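Trainee: Sequence isn't available, so here's the structure alone:
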């Protein structure tokens, strides 16, 4: 009996002994894990000013909440030189503090050149190499119950983005004023009511007049410079430089109204002045490439001022002269992309062939169109259009391959060995009677080179380039008063034995700029 | 007392229990089929054959990967795993699932077991000799096919024709002292000897109980063609009369259907009036319009791979095995090739794409529609093999078809001293090359291409359009050394026509062996890798310049 008592005693001793070890094992070593961000901030005497501001703006409940936040906490000395205007205004103060809190936990191990931490006010701030923005981390990776705390040596006020910068500076700069003025009403697919799906294209169709919002077409047609998630470089011209560039382009945008001409010249200047990516002064290339293929030279000596913004960088410059030949580029109209046909005999439509050929001159294959009309195609025409012909003299060329190919299936040969006599016409409207250009060249068989067919001078461009692609009620502006309609036309008569065939690889309009 | 009695009683009980054991346990279980009872009649024999093909079907993935990825038409995508990359780089490491010979031997052991049991059935008079002959020949031919593949991929392999119970037994045989693997050359000799002496050389007669309908599929084309197998073996060996014998074997299949059958396996051209054909064709009078290309599952060249098992299907297909979502095994090709339904592991090589785009169609379009329009498509900017994807849910393992048959025949005829006939078959067909005459260069080179209305004559071959004719392509010219030039043309036509069907490595290896020219093989693989900027290109070429490295290491 004594033996049993002894054994129980030993067992109990063993158990209690091991129990303590177990406790050691499971106890949280970092006491901070039991605290919230707010408690941790309160505990740190270096953060007492911040703690006071947090309570003042009511953010303490957020920092006590069960979330997984990051706080970049400016220490007392960092907050000591904060302007009293901000301190005394709870709205401004709260905006400042939200710029220091992120809704997700970021540790220093996450640091990367690519990391821009999203803050609660929607801005993003770089976190790399021991720095958060331009503030250095003095204490880092203090893990607590609801997130992580870093102590930083500077407070960072929220920066405006490029769009906010433009809006704020529109009275100081004509360029900003112009961009800011590009306001139109349009349908926002996110807000509009879905009506149906187009069975041909699979694209959604929205009910007219639903989800109508005001848009700025600089943001929809160039880049959305209010987007905090992307980085852009915005080049802001001084008023003098802006006027110089605009004046240089004005002759190419003649219009019925001086306003239209002015606005289009302005659009032509500004459309290339935002480029994707943030190019800081140290990594600035000699030329920047715009979305529209225009090279913008940026000379360091032309930079008057550099402005930091939350989604990139702004350079205020007194010159950024782009090449005129890129601003007013050559225009191509591809033969295989017609917008319509006209014929008196619908049966001729099955004789319109979309072909592929190899160009022995270039060694590249190309697509073209060939209307194998034979003897029954008088006055048949194919319609094309262009909205890119500005007010300048264009030299017009075609590449048009006329050839004859035997049928692989033993039927009649396709095409012809004859010299064809097709025409190119330009009209101001699809069915307009007036003809602005009417020219041709003999079309010799098996020619793969560009053949000059005449000069076309456009005299007006009566449409704003800044317009959105359509009206809010769904009407498209693809065809507008500035549209030029281009016809590839079979002759009205041919000498007997010759076919009415017409063919086109492409038309090329080369502006004469001098 | 008790101390003595207890063990005694226990002992007694135990002995009586043990004594009754034999009777108790040795009763045949009602729901288990013992192997000696499996082969009781001809229907059991049929079941064994069908079962063999079911097992054979599992080789499909390995077969296509080894024969295409090692060669120059197919390459890996970014999604491919390391084992696939090893295959492409001819650098297979031990344990690579694609270089495992066991699945092949699994089929072989199955063949040997079936053949032994067929012999027993014949001895025990459980099967008629005629029934025995046709089934024995079929199983033996499948065995030859698998051995030929083993030879192609591994070079020296164990050649076992006696029945072994399982792969472990085989492993023991291989470990024994007297065992020797046979060289590829000796393997070919053995296989030809077997194949030449099969008791039956034709396809299953229509009255055979195996020719039936299973799961909605007519089984006619499920079974390997013995003459094709024999012809291919001759083509691989290429000694003495082999090329002639190969031509005879292939020609016998090309004349399936006999006199008056103008279409079966005879490579005919487009049916321009209704486009109900298996050629590259355009809607009539609109051949110059790329939108008029006949491109659907029921008409034109694409329908070869997609159409239902109808009359035109029968004109082309000689051997295929079906996959269906209703039964196993699962189709492995979807995983390999499809980006939407599978993992998109393999894609056409730039080399293959350029080859198609280097052809000119008769409408002067600068490509061969069999490539960019049918064999592969650009999907979301990436080339994707389409041949296996046109019939979702009812895909097939493409094993042999008329195009391969005609090209095999052309290869044999060219080497047998009949280059004009070979050239005609590769290019535009007999009649365009020779005119409306009876071409007679002695059997098997007799092609009746006559056609006349008065008197009314229509030769069996008058509609033959040749491979390039059927694809609506201009002919390829023959260069000064016509023998090698026509052989090159034939090989390239195989690439254009049969790409991704699991034959390319075999084709390259066969020609390289025949010409004793490692560069023939190595340069083509090198060209593929260089075009895709593969840093291993030079190393792979150096490796393949040594014929010993053409074969995979045989690792059990």
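Mentor: Thanks, I have it. Please read all numbers here as calculations on a predicted model, not as lab measurements.

Trainee: measure residue B:237 to chain A for me?
Mentor: According to CB to the nearest CB, to the nearest Å, residue B:237 and chain A sit 39 Å apart. C-beta here means a position set from N, CA and C on the backbone, and glycine is covered the same way.

Trainee: give the contact list for residue 228.
Mentor: This is for chain A. Contact analysis of residue A:228 by CB atoms under 8 Å, 6 or more residues apart in numbering or on different chains lists A:118, A:122, A:123, A:124, A:161, A:310, A:311.

Trainee: hmm, I had chain B in mind actually
Mentor: Counting by CB under 8 Å, 6+ apart, residue B:228 makes contact with B:249, B:250, B:253, B:318, B:319, B:400, B:405, B:408.

Trainee: That one in helix, strand or coil?
Mentor: What DSSP: H, G, I helix; E, B strand; the rest coil gives for residue B:228 is helix.

Trainee: Could you check how far it is from residue B:52?
Mentor: Look at residue B:228 and residue B:52: by CB to CB, to the nearest Å, they are 18 Å apart.

Trainee: Kindly report the same for residue A:181.
Mentor: Distance of residue A:181 to residue B:52, computed by CB to CB: 80 Å.

Trainee: What of residue A:410?
Mentor: 47 Å.

Trainee: Quickly find the element holding residue B:424.
Mentor: helix B:419-426 (DSSP states H and E).

Trainee: Name the next helix or strand downstream of that helix, please.
Mentor: The first helix or strand that comes after helix B:419-426 along the chain, using DSSP H and E, is helix B:430-434.

Trainee: Check what contacts that next one and list those residues.
Mentor: Residues outside helix B:430-434 that contact it (CB under 8 Å, 6+ apart): B:420-421, B:423-424, B:427, B:439, B:447, B:449, B:451, B:461-466, B:469.

Trainee: Mind doing that once more with 10 Å?
Mentor: Applying CB atoms under 10 Å, 6 or more residues apart in numbering or on different chains, the external contacts of helix B:430-434 come out as B:266-267, B:269, B:420-421, B:423-425, B:427, B:436-437, B:439, B:447-451, B:459-466, B:469, B:475.

Trainee: same check, this time on stretch A:277-292
Mentor: Residues contacting stretch A:277-292 (CB under 10 Å, 6+ apart): A:221-223, A:230-235, A:268, A:271-276, A:294-300, A:303, A:306, A:308-309, A:311-313, A:315, A:320, A:322-323, A:326-327, A:329.

Trainee: And it, end to end?
Mentor: End-to-end distance of stretch A:277-292 (CA to CA, to the nearest Å): 15 Å.

Trainee: Just say helix, strand or coil for the residue of chain A found nearest chain B.
Mentor: Residue nearest to chain B within chain A: residue A:408 (3.0 Å; CB to the nearest CB). Per three-state DSSP, the secondary structure class of residue A:408 is coil.

Trainee: returning to what we had before: can you tell me which of the contacts of residue B:228 has the most neighbours?
Mentor: Among those, residue B:250 has the most neighbours (other CB atoms under 10 Å in any protein chain shown), with 30 neighbours.

Trainee: helix, strand or coil for the residue lying closest to that one once chain neighbours are set aside?
Mentor: The shortest distance from residue B:250 to any residue other than its chain neighbours is 4.0 Å, reached at residue B:409 (CB to CB, 6 or more residues apart in numbering or on different chains). Three-state call for residue B:409 (three-state DSSP): helix.

Trainee: Name all residues that make contact with residue B:409.
Mentor: By CB under 10 Å, 6+ apart, residue B:409 lies in contact with B:231, B:235, B:246-251, B:253-254, B:265, B:418, B:421-422, B:425, B:444-445, B:490.
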